[in-house]
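>>> Pasting the sequence and the predicted coordinates here, then a few questions.
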Amino acid sequence: MRVTMFRSFLRRVYQSFQIIRLEFIYRLFGIEGVAHALRRFRDPLPALRRYGAHIGPNTKIYPGVTIHGARGDFANLQIGSHVRIVRDCLLDITDRIELQDYSIVSFRCSLITHHNIYRSPLADLGYHPAQAPIVIGRGAVLFTGVTVLMGVNIGECAIVAAGAVVKSDVPSWTLVGGVPAKVIKQLRSPS
């Protein structure tokens, strides 16, 4: 009992130290500095919430998640309850990313909400910057190495196979895979 209480106390002290450290980083480098520092946090949830992300209860974000494209805060990150985001994922929050309840984002997934070619000669040909939100539906699962591009809605309880590149909407209760992702089969709904 005492060991558990002591570990809990140490965890709270450690989290307080991390928040103080983040405040210092924020004052020096802004939100980009905070986003960079979060990769090394054992539990990034308190810091994400502190800087504007909306995250429901019982959600777990593992260490090593990269937050990119924050503009002043993390308000474009909206995560429901019981969501899992596993290690080495990239979340581009230039536009809104919404992960609804019970969704899972596995290892090395990338959610990209914008593209910008900066000063490339292609800009003269009409390839201009663009951005659009991404919505991952309730209970949807993205397996390892999935890339979801801007403007995509993944439906409720959809499964995206490992390594897929999703560039268009995914219907609810379907399994998709490939590059670009295509429907492989319809899943059975419990109703």
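Nice, thanks for sending it over.
>>> Tally up the residues packed near residue 92, please.
Number of residues near residue 92 (other Cβ atoms under 10 Å) recorded here: 23. C-beta coordinates here come from the backbone N, C-alpha and C atoms, glycine included.
>>> and it, what are its bridge partners?
Note on residue 92: beta-bridge partners by DSSP bridges are residue 68.
>>> how far away is it from residue 8?
Plainly put, residue 92 is 35 Å away from residue 8 if you go by Cβ to Cβ, to the nearest Å.
>>> Show me what the lowest-mean-pLDDT helix or strand in the chain is packed against.
Between all helices and strands in the chain, the lowest mean by mean pLDDT, DSSP states H and E belongs to helix 2-38, at a mean of 76. In terms of contacts (3 or more Cβ pairs under 8 Å, 6 or more residues apart in numbering; DSSP states H and E), helix 2-38 is packed against helix 45-50, strand 66-68.
>>> Now do the longest one, average pLDDT.
Over the span of helix 45-50, the pLDDT mean works out to 87.
>>> same thing with stretch 97-106?
On average, stretch 97-106 scores 97.
>>> Name the residues that touch it?
56, 76-86, 89, 91, 111, 113, 133-144, 146, 156, 162 (Cβ atoms under 8 Å, 6 or more residues apart in numbering).
>>> so where does residue 95 fall, helix or strand?
Using DSSP states H and E, residue 95 is not contained in any helix or strand.
>>> And the pLDDT for residue 119?
The model's pLDDT for residue 119 equals 73.
>>> Can you give me the neighbour number for it?
Neighbour tally, residue 119, other Cβ under 10 Å: 6.
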